[in-house]
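Trainee: sharing a model that was predicted from the sequence below.
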Amino acid sequence: MSLMDAIRRMGERKKITKEKFKEAQENMKIEKMLNERAKSSNERELEKYMKDQRELQIKCELDKIHKKQNHENWKGNNPLKSQTSILKNDRPILKEKNIFLDNKSNIPFMKSEAMFFK
C-alpha cells in the first residue's frame, strides 16, 4: 500500500497547490479592482492610452524580429541552426524531365488493359 499512499499524497499536494493558486488569483483580482476604483476617470483613461501605445510598440518590435527570423531562415544565415538553406540548388528540380508527362503507360489504371473492368 505504500505506492497507493504515495499517489494519494501527490494528489493531495496537487489539490493544495491548486487551491493556493486560485486564492492568489482572487486576491490579485480584488487588489486590482480596489486600485482601479481609487483612481480618477482621467487617470484610468490615460493609463489605457499608455497601455495601448506600449502594446503597439511591442507589436512593432515583434514584427521586426519575426521578419528578421523569417529572412534568416530562408537565406540560411541563422547561426542557431546548422541546416542547409532551402533555396540552395543541390538538385534543380525544375530543370529535370517531367516524369509524369511521358510515362502515362506505367500507371496501372491508365494501361490499355483494363485492370478493374473487363
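Mentor: Thanks, I have the structure now. Worth saying up front: this structure is predicted, and the values here are computed from it rather than measured.

Trainee: need the pLDDT of the residue sitting nearest the centre point of the chain.
Mentor: The chain has residue 66 as the residue nearest its centroid, 12.4 Å off, counting by Cα atoms, centre = their mean. We have a pLDDT of 95 for residue 66.

Trainee: quick one: secondary structure of it?
Mentor: Of the three states, residue 66 takes helix according to DSSP: H, G, I helix; E, B strand; the rest coil.

Trainee: can you give me the distance of it to residue 24?
Mentor: 33 Å (Cβ to Cβ, to the nearest Å). Heads up, the C-betas are built off the backbone N, CA and C, glycines and all.

Trainee: try residue 57
Mentor: 30 Å.

Trainee: and what of residue 63?
Mentor: 34 Å.

Trainee: what of residue 5?
Mentor: Residue 5 is 29 Å from residue 24, by Cβ to Cβ.

Trainee: ditto for residue 50
Mentor: From residue 50 to residue 24 the distance is 26 Å (Cβ to Cβ).

Trainee: give the contact list for residue 67.
Mentor: Applying Cβ atoms under 8 Å, 6 or more residues apart in numbering to residue 67 gives no contacts.

Trainee: what is the burial count for residue 76?
Mentor: Neighbourhood size, residue 76 [other Cβ atoms under 10 Å]: 14.

Trainee: show the pLDDT at it.
Mentor: pLDDT recorded at residue 76 is 70.
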